[in-house]
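[1] Need a 3D model of the sequence below.
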Amino acid sequence: MRDVEKTIGNLVDKASVSIISSVDEEGFPNTKAMLPPRKREGIKVIYFSTNTSSMRVKQYRQNPKACIYFFDKRFFRGVMLKGTMEVLQDFESRNMIWRDGDERYYPQGVDDPDYSVLKFTAQSGRYYANFKSENFEVESSNY
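    Residues are numbered from 1 along each chain as shown. This next block holds a predicted model:
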């Protein structure tokens, strides 16, 4: 890859589904499909919305190790990012990714106690395209 951040960023931006993984109490990976990210800062930091009451929030609070995956099924390529996931509930983080229509999921609005932000911070990744895989480190973004 000539430009890791551009190649991976485009893949993330075009993905209609996000796959996230956490680690359960027994040390097993747990994987789930989610809506696309709400915001990203380069490919280093990626934000998602979720329910505070979810199993995932509990798991990330106990073990922040995380993996996220984005794919383009048309061209059969994808990227796995490994890093950590933080659960944020401060007003600034919630407000930053809030969108019109989120009341459907969080009826009390941006202050809904069941509304949390997942902040993923990538450390490394693996990109697959053209029948080849390539590992890469994720550098701090210029954002």
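[2] Any chance you could give me the longest strand seen in the chain in CSV, C-alpha atoms only?
    For the chain, the strand with the greatest residue count under DSSP state E is strand 115-129. Taking C-alpha atoms only, strand 115-129 is exported to CSV below (Å, rounded to 0.1, in the frame of the first residue of the first chain):
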residue,chain,number,x,y,z
TYR,A,115,-26.4,6.1,25.2
SER,A,116,-22.6,5.7,25.2
VAL,A,117,-19.8,6.3,22.8
LEU,A,118,-17.2,3.7,21.9
LYS,A,119,-13.8,5.2,21.1
PHE,A,120,-11.6,2.7,19.3
THR,A,121,-7.8,3.5,19.2
ALA,A,122,-5.9,1.5,16.6
GLN,A,123,-2.4,0.2,17.1
SER,A,124,-2.0,-2.0,14.1
GLY,A,125,-3.8,-3.6,11.2
ARG,A,126,-3.9,-6.1,8.4
TYR,A,127,-5.2,-5.3,4.9
TYR,A,128,-6.4,-7.9,2.4
ALA,A,129,-6.8,-7.2,-1.3
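[3] Adjacent strands (with direction) for it?
    strand 45-51 (antiparallel), strand 77-88 (antiparallel), strand 132-137 (antiparallel) (DSSP bridges).
[4] quick one: buried residues of the top helix by length along the chain?
    Determined from DSSP state H, the single longest helix within the chain is helix 4-14. When burial is assessed from 16 or more other Cβ atoms under 10 Å, helix 4-14 yields the following buried residues: V4, E5, T7, I8, G9, L11, V12. Quick note: C-beta positions are derived from backbone N, CA and C, even for glycine.
[5] just to revisit the earlier point, out of the strands paired with strand 115-129, which gets nearest to R94?
    strand 77-88 (7.5 Å; Cβ to Cβ).
[6] Name the residues that touch the closest one?
    With Cβ atoms under 8 Å, 6 or more residues apart in numbering as the test, strand 77-88 has contacts from 8, 11-12, 20, 22, 43, 46, 52, 57, 60-61, 64-72, 94, 116-130, 138.
[7] Can you tell me which of these are buried?
    Buried by 16+ other Cβ under 10 Å: 8, 11-12, 20, 22, 43, 46, 57, 60, 64, 66-71, 94, 116-122, 125, 127, 129, 138, out of the contacts of strand 77-88.
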